[in-house]
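Novice: Okay, sequence plus prediction incoming.
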Amino acid sequence: MSTGTATDTGLNQPLIAELQHESAVTRTVLERVPTDKLEFKPHEKSMGFGQLASHIAEMYEWFDSTLNQTELDFATMEYEPFIAKSNEELLEYFDSNVEKALEFLKKATDEELMVEWTMRNGDTVYFSMPRIQVVRSFILNHIVHHRGQLSVYLRLNDIPVPQIYGPSADEGQM
């Protein structure tokens, strides 16, 4: 990132607020992932309970590469996905990644958020868009998408689904 400094009125402010809100809600879902059901899959093409939950926790690491690089090229990297072995390990990893993501986002200036960012695999370009759009659509929306899937895994295992955007069938009234 550049040596510029973010302001309290910058483009990063609504993203910070959204990250804080959504990560708090996501944590309530991750807290319910049972260690004894990490291998559960609702379908043969689905990720396992633990793999999906771990992927969600890992996605917060994407703030680093998005805000501190201009591209991610799968052809130039080795990737070993994080797979939690317990709910405690999952939550520790998640909390650490959220904290780091917030720090990266807090430092991001308006100018830096408008820099074009590219995801590719060698010559194959998946997309290029301003970092602010990557943060909003590819990271935050992507996390929410997988969190929705995870809430279905909870339901299929008779684990109460927490409130997400209001009361769930298991918890609370407005």
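Specialist: Thanks, I have the structure now.
Novice: Could I get the contacting residues of P130?
Specialist: P130 makes contact with 113-117, according to Cβ atoms under 8 Å, 6 or more residues apart in numbering. Bear in mind the C-beta positions are built from the backbone N, C-alpha and C, glycine included.
Novice: could you redo the last one with a cut-off of 6 Å?
Specialist: For P130, the contacting residues are M114, by Cβ atoms under 6 Å, 6 or more residues apart in numbering.
Novice: Just give me the longest helix of this structure.
Specialist: Here the longest helix in the chain is taken by residue count, with DSSP state H as the criterion, and it is helix 87-107.
Novice: Whichever helix or strand comes after it: how far from the chain's middle?
Specialist: Per DSSP states H and E, the first helix or strand lying C-terminal to helix 87-107 is helix 110-113. Remark: helix 110-113 is offset 21 Å from the chain centroid, using Cα atoms, centre = their mean, to the nearest Å.
Novice: next one: stretch 120-136
Specialist: Distance of stretch 120-136 from the chain centroid (Cα atoms, centre = their mean) equals 16 Å.
Novice: List the buried residues of it.
Specialist: Residues of stretch 120-136 classed as buried by neighbour count (16 or more other Cβ atoms under 10 Å): 120, 131-132, 134-136.
Novice: May I have the longest helix of the chain as CSV, with CA atoms only?
Specialist: Below are the C-alpha coordinates for helix 87-107, written out as CSV (Å, rounded to 0.1, in the frame of the first residue of the first chain):
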residue,chain,number,x,y,z
ASN,A,87,-14.2,-25.7,16.8
GLU,A,88,-11.7,-24.0,19.1
GLU,A,89,-9.0,-24.0,16.4
LEU,A,90,-11.5,-22.6,13.9
LEU,A,91,-12.6,-19.7,16.1
GLU,A,92,-9.0,-18.8,17.0
TYR,A,93,-8.0,-18.7,13.3
PHE,A,94,-11.2,-16.8,12.4
ASP,A,95,-10.6,-14.2,15.2
SER,A,96,-7.0,-13.6,14.2
ASN,A,97,-7.9,-13.2,10.5
VAL,A,98,-10.7,-10.8,11.2
GLU,A,99,-8.4,-8.7,13.4
LYS,A,100,-5.8,-8.5,10.6
ALA,A,101,-8.4,-7.8,7.9
LEU,A,102,-9.7,-4.8,9.9
GLU,A,103,-6.2,-3.5,10.3
PHE,A,104,-5.5,-3.7,6.5
LEU,A,105,-8.9,-2.1,5.7
LYS,A,106,-8.3,0.7,8.3
LYS,A,107,-5.0,1.6,6.6
